[in-house]
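*Asks:* need a 3D model of the following:
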Amino acid sequence: MWLSTDHLGLGVIGLTANISLAYTLKFLWAPFFDDVAPPWLGRRRGWLLLVQAALLACIAALGLTEPLFHPGLTLAIAGLLAFISASQDILIDAWRIELFAPREQGTALAGYVWGYRGALMVSGAGVIALSAKTGWHIAILLVAALALTGPITTLLAPEPEVPARALAPRGYAAHFVRAIIAPAREFLTRRGALVIVAFIILFRLGEAMASVMLAPYYTYLGFDRAAIAIANGPAALAATLAGAALGGVMVARVGVGRGLLIGMTFQTIALAMYPALAWFPGHPGMLVATSIIESFAETFEYAAFLTYISNLCAPEHTAAQYALLSSLAAFALHTVGGLTGFIAARMGFVPFFTMTMFAALPAMAVMLVILRYYPPRESK
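*Replies:* Predicted coordinates for the structure are as follows:
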């Protein structure tokens with residue numbers, strides 16, 4: 001949105017999807033957090049406190065940049081911010097999986113989704129609305145101040161028990177094999193592993209393509225920052241919380257695989273709202289309706305998806321395998337997503353968003369294969 005209001009081209013805005021490539025590669029350093037414990041607060045909380053301090057400083061640095069005059073510096077700090085944020089994700093996911101019993105993972109994930117979606121409303125819609133009055137710099141610096149809630153929560157949180165682990169082997173090569181190759185090998189030797197990998201990669205394809213182009217699309221349709229902020233405000237948050245809660249309930253009632261299919265069906269319907277929005281340019285009610293439906297569908301299916309990949313993790317490789325699987329889920333966003341600006345510029349916005357609606361169908365077909373031949377392990 002910041003770059004769109006500074007009138008950068010669609011191709012450049014699309015390429016910013018690659019800034020968050022760290023989310024796709026985080027499995028490379030995730031094993032480090034499994035194997036090395038800092039001398040304070042425990043294995044999970046100790047690293048979280050350090051990473052969150054760096055996160056706060058990086059957000060503040062981003063707020064002091066001028067992308068219109070020094071876009072390279074802004075994008076470089078944004079890339080560093082993504083690396084630190086991905087590290088925080090590794091630690092929070094491992095903490096959640098280790099602290100809660102398998103039967104509690106669906107509930108824990110619902111709380112997790114509620115928390116980060118509430119934070120996204122503040123740092124997304126809140127910053128967009130505030131930036132119209134204060135400018136982008138002050139709005140983003142206030143987010144840095146809000147990031148203090150992270151370290152405070154870390155200090156108050158319990159530390160999970162450390163699982164029994166073999167002593168780390170000596171030597172870099174041996175450590176690399178144990179920390180990265182071994183978790184990947186353990187997963188890939190399972191029955192149906194490649195089919196599951198294909199599903200995870202395809203899962204967010206349509207959503208990944210659509211999300212990168214939303215800011216310039218809204219601007220193209222005549223929506224100002226105030227209208228965009230309202231559309232992504234309390235009503236969208238309520239839909240998000242309802243989607244996360246109902247997604248968790250659905251997984252408990254029909255199983256994670258069928259819950260995923262239902263969620264992906266909702267998401268396909270929600271993506272149809274974007275080309276329909278072109279029939280109501282500048283109409284705030286239609287923008288609000290689109291945001292509400294998309295928010296509900298996204299978190300409904302994502303709650304089921306996170307439960308699914310959580311249940312795929314072996315206890316001895318929690319952080320490494322979860323980071324690997326969630327990295328695969330971000331693969332589409334940080335590869336195909338980077339080309340969306342060029343695709344949208346060539347096709348036009350309405351055909352482009354129509355295409356994203358059908359991009360969800362391949363993942364649904366693969367999940368049908370998984371349900372038939374490689375059914376998910378359900379939480380007990």
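
*Asks:* on the three-state scheme, residue 190 is what?
*Replies:* The three-state label given to residue 190 by DSSP: H, G, I helix; E, B strand; the rest coil is coil.

*Asks:* same check, this time on residue 331
*Replies:* What three-state DSSP gives for residue 331 is coil.

*Asks:* quick check, pLDDT for it.
*Replies:* According to the model's per-residue confidence, residue 331 sits at a pLDDT of 73.

*Asks:* show me what contacts it?
*Replies:* By Cβ atoms under 8 Å, 6 or more residues apart in numbering, the contact list for residue 331 reads 24, 201. (Each C-beta comes from the backbone N, C-alpha and C, glycine too.)

*Asks:* contacting residues for residue 45?
*Replies:* By Cβ under 8 Å, 6+ apart, the neighbours of residue 45 are 95, 154, 155, 157, 159.

*Asks:* could you say which helix or strand contains it?
*Replies:* Secondary structure here is read from DSSP states H and E; on that basis residue 45 sits in helix 43-63.

*Asks:* and the next element down the chain from that helix?
*Replies:* As assigned by DSSP H and E, the chain's next helix or strand after helix 43-63 is helix 71-99.

*Asks:* by how many degrees do that next one and helix 43-63 diverge?
*Replies:* The directions of helix 71-99 and helix 43-63 differ by 160 degrees, with axes from the mean of the first three to the mean of the last three Cα atoms, to 10 degrees as the criterion.

*Asks:* what mean pLDDT does helix 71-99 have?
*Replies:* Mean pLDDT, taken over the full extent of helix 71-99, equals 88.

*Asks:* which helices and strands does that helix pack with?
*Replies:* The criterion is 3 or more Cβ pairs under 8 Å, 6 or more residues apart in numbering; DSSP states H and E, and the helices and strands that helix 71-99 contacts are helix 22-25, helix 30-35, helix 43-63, helix 105-121, helix 318-329.

*Asks:* make a markdown table from those helices and add distance to residue 355 to it.
*Replies:* Converted to a markdown table, these look like this (distance: least, Cβ to Cβ, whole Å):
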| stretch | distance to residue 355 |
| --- | --- |
| helix 22-25 | 22 |
| helix 30-35 | 33 |
| helix 43-63 | 32 |
| helix 105-121 | 26 |
| helix 318-329 | 20 |
